[in-house]
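*Asks:* predicted coordinates and the sequence they were generated for:
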Amino acid sequence: MSLAIKPRPPLEGQHFHVVIIGGGINGVAVARECARAGKRTLLVEQNDFASGVTSRSTRIIHGGLRYLEHGELGLVRESVRERERLLRERSHLVHPVHFLFLLNERSQRSALKVRAGLWLYQRIAGRKSADLSEMELKRVERALDAGQQWSIFNYEDAQCEFPERLVAEWMMEAAEAGAVVRNHCEVLAVNVTQGRAQGVLLRDRISGKDERVDAGWILNCTGPWADRICQRSSVHTSKPMLGGVRGSHIVLSRFSGAPSSALYTEAADGRPVFVLPWNEQVLVGTTEVADTADPAKTAPSNEEIEYLLRTVAKLFPKAKISAHDIKYAFAGVRPLPNSPGNAASAVTRRHFLHDHTPDGAARLISVIGGKLTTAASLARECARKIGIAVPEPTLVAMGPGGSLDPMLDQEVLEIARAGSVSEETARGIMEWHGQRAMDIARMALVSAELRAPVCPHSSHIVAEVVEAYRREFAVTLGDVLLRRVPVALGACWSESCSREAGLRIGAVLGWNEQALGSNLESFETERTAFLKQPARGASALEAAAD
Ligand SMILES: Cc1cc2nc3c(=O)[nH]c(=O)nc-3n(C[C@H](O)[C@H](O)[C@H](O)COP(=O)(O)OP(=O)(O)OC[C@H]3O[C@@H](n4cnc5c(N)ncnc54)[C@H](O)[C@@H]3O)c2cc1C
């Protein structure tokens, strides 16, 4: 089987009803909405879909309990509604998760305030959370620092462990509805003449070719890059639209006593911090640091890593967590609205649509802010803004604590049988590919090479990789292993896994030694830039757990 990257059809001179710049969760959601309405749609992404902030988030699909503190009831209502919709419609990717809100005598929030907030949160959701088992509660209590007096509150939110996969699904739905989607294709500038945005100048980063397309509307969905697009197009806003705030995470190996529920607590400075079970590891985040540099180059500082490590180590002293437990750290820049003088935590997490007509660029709209959770509602709003009539979807109510479409063991068995793969592999394929799982299983049946695990420690198989290149618009090995089949975010991944995966994938795709070498080299460059290894031996880090 040879899957050489086919040259992409030229775009030069084409006219689109709407061009969407940026293939993060927001841009992809907007493209899907416009294409489904029958509009000729082009989605362009300079790197890969979901490679920006979307893959650098805490991955919680939440109503925003914290927004109640800032009186943002409207945002909480919208977020809760969207959370329920995702739980119902994407139950293979979005799961309910128990959260434990932990307070001790030093916490800045009072138990009374938290109790009242949780009561209101459940009222807005219109359903009661499922109760956490006594056993898990006791387990967490035993693992926590016994020298402190803990008050523990239980509530429910949701988690999308792999928003990269959600974006891949929405992107394919956009393409199936007729959108032209291009990753590794950068918008160099928006062409503005006579007070109106007329089109864009693109550079295909694969072919190196520049092309111009015309557009009726241009939507700037570039998240933290939004001001840069305007600057390079000479569209002058009265002040910067964004006030970028970096948020970092550390990923730890699972430690003894690590909770299977998610924890929401305060760091020593009173800032909220999450400790979440994620991808068979523990995800700890996040920080808030002003960052206006190039979002593509953002990285966690040693101070942020130390802050997060110290917070989690203090919480679980018996686990003796140290810098050696950190698998990697990563950071993203929140595209928050510019709010000079406000603390980052107090800046609204609502999104805004900035119409550039007063800036001399009619028909150019910039999307500012937003969350994973509310991307679909943001997309409907964007589509309406450009004159597309989008009805508000109806919502089926859910019972306590569950999704309507739990994965059925029976389906897992059918997939295992159809692909002649283990139940573990079948479940993994279902979890990442939902309705496409059966197609992948049938492909896997064709050969032992396609059924082979991507690396010896993974249950995910080479057939999923082929699907990524064939149907999910993956171009590079990084697109595959970091986002479509994101095994490289796993607990075991190392450079030798990359080499083993490269060999197995290359054997199916017909890579020669040179192709293998160049694929691996660019993959390792991307992986190490994104997933930062903390500087071991740095004295501050070593001391963090003391
Ligand atoms: C630390 C952190 C934690 C978060 N946690 C959560 C959470 O738990 N839950 C939640 O709901 N939300 C969370 N968020 C918010 C959420 O991740 C973001 O709001 C959301 O991902 C923004 O998506 P986006 O599509 O606007 O931006 P992005 O995902 O950054 O997409 C923008 C894209 O535009 C592309 N682009 C830029 N310039 C160009 C160009 N010239 N040409 C073509 N393409 C271009 C970029 O490459 C990028 O892929 C978090 C954010 C951060 C930073």
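*Replies:* All right, it came through fine.
*Asks:* what's near enough to touch the residue in the stretch 51-200 of the chain positioned nearest to the ligand?
*Replies:* Going by Cβ to the nearest ligand atom, the ligand is nearest to Gly52 of the stretch 51-200 of the chain, at 2.5 Å. C-beta coordinates here come from the backbone N, C-alpha and C atoms, glycine included. Taking Cβ atoms under 8 Å, 6 or more residues apart in numbering as the contact definition, Gly52 lies against Gly22, Gly24, Thr222, Gly223, Pro224, Trp225, Pro295, Gly332.
*Asks:* could you redo the last one with a cut-off of 7 Å?
*Replies:* Residues near Gly52 by Cβ atoms under 7 Å, 6 or more residues apart in numbering: Gly24, Gly223, Pro295.
*Asks:* most surrounded residue in the residues you listed?
*Replies:* Gly24 (28 neighbours; other Cβ atoms under 10 Å).
*Asks:* distance of that residue relative to Ala35?
*Replies:* Distance of Gly24 to Ala35, given as Cβ to Cβ, to the nearest Å: 17 Å.
*Asks:* report pLDDT for the residue of the stretch 51-200 of the chain closest to the ligand.
*Replies:* Gly52 is assigned 98 on the pLDDT scale.
*Asks:* still on that earlier bit, with the contacts of Gly52 in mind, which one is nearest to Thr311?
*Replies:* Ranked by distance to Thr311 (Cβ to Cβ), the contacts of Gly52 are led by Pro295 at 25.0 Å.
*Asks:* assign a three-state SS to the residue lying closest to that closest one once chain neighbours are set aside, would you?
*Replies:* Nearest non-adjacent residue to Pro295, counting by Cβ to Cβ, 6 or more residues apart in numbering: Pro224, 4.0 Å away. Counting by DSSP: H, G, I helix; E, B strand; the rest coil, the backbone at Pro224 sits in helix.
*Asks:* residues near Pro224, how many?
*Replies:* 25.
*Asks:* could you do the one 4 residues further on as well?
*Replies:* Summarising burial for Arg228: neighbours were counted as other Cβ under 10 Å, giving 14.
*Asks:* with Ala452 instead?
*Replies:* Applying other Cβ under 10 Å, I find that Ala452 has 17 neighbouring residues.
*Asks:* thinking again about what came up before, how close does the residue of the stretch 51-200 of the chain closest to the ligand get to Gln46?
*Replies:* Computed as Cβ to Cβ, the Gly52 to Gln46 distance reads 9 Å.
*Asks:* now do the contacts for Val28.
*Replies:* By Cβ under 7 Å, 6+ apart, the neighbours of Val28 are Leu43, Phe49, Val167, Trp170, Met171, Ala174.
*Asks:* so what sits opposite the residue nearest to Asp355 when sequence neighbours are not counted in the bridge?
*Replies:* In this structure, Asp355 finds its nearest non-sequential neighbour in Ile365, 5.6 Å apart by Cβ to Cβ, 6+ apart. Beta-bridge partners recorded for Ile365 (DSSP bridges): Leu219, Asp355.
*Asks:* ok so Val312 is a strand residue?
*Replies:* No - going by three-state DSSP, the assignment for Val312 is helix, not a strand.
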